[in-house]
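1. Got a predicted model here, sequence first, then my questions.
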Amino acid sequence: MGEVKLIGSGNSPFVHRAAVALRLKGVPYELIREDLRNKSELLLQHNPVHRKVPVLLHGDRAVCESLVIVEYVDEAFDGPPLLPADPHDRATARFWAHFIDDKLRKSLWPALWTEGEVQAVPMAAARENLALLEEELQLIKGKKKRFLGGDSIGLADIAGAGMLAYWLGVLEEVAGVRVLSDEEHPAIRRWANEYLAEEAVKECLPDRDQLVAHFSATKDKAISIAKSMVSN
């Protein structure tokens with residue numbers, strides 16, 4: 001099988017995606033903690049393009065980008081499938097995973113970290129994207145399914161539930177902005193709670209107080225990134 005290592009940071013929801021995939025498949029791995037303020041030669045060697053975590057090392061092979069890693073883990077190792085066998089269901093799972101990663105996440109960041117008139121456009125986009133996800137999860141609930149991937153956690157759930165169930169609440173607290181609500185998004189809340197209840201998920205969640213401290217300390221950087229996203 002080859003030794004499995006994961007280069008990552010405990011504060012990253014993207015590293016969490018890779019870790020959950022490995023745990024769901026029952027793959028033992030070593031977590032190599034990366035100091036992102038002083039990036040290691042190991043990280044730069046194996047991800048010279050983006051220079052970001054996570055990076056999965058499987059023997060002498062390196063795999064980068066969190067959702068790519070999740071699909072690689074699903075295909076490379078035995079264990080419960082993370083993608084459906086049916087081609088249409090598999091395409092649907094990929095669609096929602098990329099919707100969460102490309103549209104929802106990228107609208108949430110400036111909605112959280114900007115103010116006043118600048119905040120209006122990304123906040124409207126974030127609420128619209130959350131409404132679309134809420135509608136899909138309401139349909140899933142109507143079909144008596146727990147997750148976007150069916151009855152067990154799959155690619156789309158890994159892409160979004162961790163971020164919305166855990167990281168978003170921390171970011172809302174630090175930013176002083178509320179985006180997700182029980183009243184408007186009951187299906188998202190149910191989905192997020194189902195995800196957090198899974199043992200494989202619990203095993204690789206960072207300490208919440210640690211996350212609050214981290215994002216509080218890097219708040220100025222978050223605001224700067226959000227402003228650049230809006231200006232572009």
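-> Received it, and whenever you're ready, just let me know what you need.
2. sec struct for the residue lying farthest from the centre of the chain, please.
-> No residue in the chain sits farther from the centre than residue 117, which is 28.2 Å out by C-alpha atoms, centre = their mean. With DSSP: H, G, I helix; E, B strand; the rest coil as the basis, residue 117 sits in helix.
3. Tell me how far it lies from residue 222.
-> 19 Å (C-beta to C-beta, to the nearest Å). C-beta coordinates here come from the backbone N, C-alpha and C atoms, glycine included.
4. Run through the helices of the chain in chain order.
-> 13-24, 41-46, 66-76, 87-98, 105-113, 116-142, 155-162, 168-175, 186-196, 199-202, 208-217, 219-231 (DSSP state H).
5. The longest one - what's its average pLDDT?
-> So the one you mean is helix 116-142. The pLDDT scores in helix 116-142 average 95.
6. starting at the chain centroid, how far to it?
-> 17 Å (C-alpha atoms, centre = their mean, to the nearest Å).
7. That one packs against which elements?
-> Here helix 116-142 touches helix 105-113, helix 186-196, helix 219-231, going by 3 or more C-beta pairs under 8 Å, 6 or more residues apart in numbering; DSSP states H and E.
8. mind giving me the domain ranges of this structure?
-> Annotated domains of the chain cover 4-76, 87-231 [automatic domain parsing].
9. Next, the distance between the ends of the longest one.
-> Domain 87-231 stretches 39 Å from its first residue to its last (C-alpha to C-alpha, to the nearest Å).
10. rewinding a little: JSON lines for the helices of the chain, including distance to residue 7?
-> Listed next are the helices of the chain as JSON lines, based on distance: least, C-beta to C-beta, whole Å:
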{"stretch": "helix 13-24", "distance to residue 7": "8"}
{"stretch": "helix 41-46", "distance to residue 7": "6"}
{"stretch": "helix 66-76", "distance to residue 7": "11"}
{"stretch": "helix 87-98", "distance to residue 7": "22"}
{"stretch": "helix 105-113", "distance to residue 7": "21"}
{"stretch": "helix 116-142", "distance to residue 7": "30"}
{"stretch": "helix 155-162", "distance to residue 7": "18"}
{"stretch": "helix 168-175", "distance to residue 7": "23"}
{"stretch": "helix 186-196", "distance to residue 7": "24"}
{"stretch": "helix 199-202", "distance to residue 7": "20"}
{"stretch": "helix 208-217", "distance to residue 7": "18"}
{"stretch": "helix 219-231", "distance to residue 7": "21"}
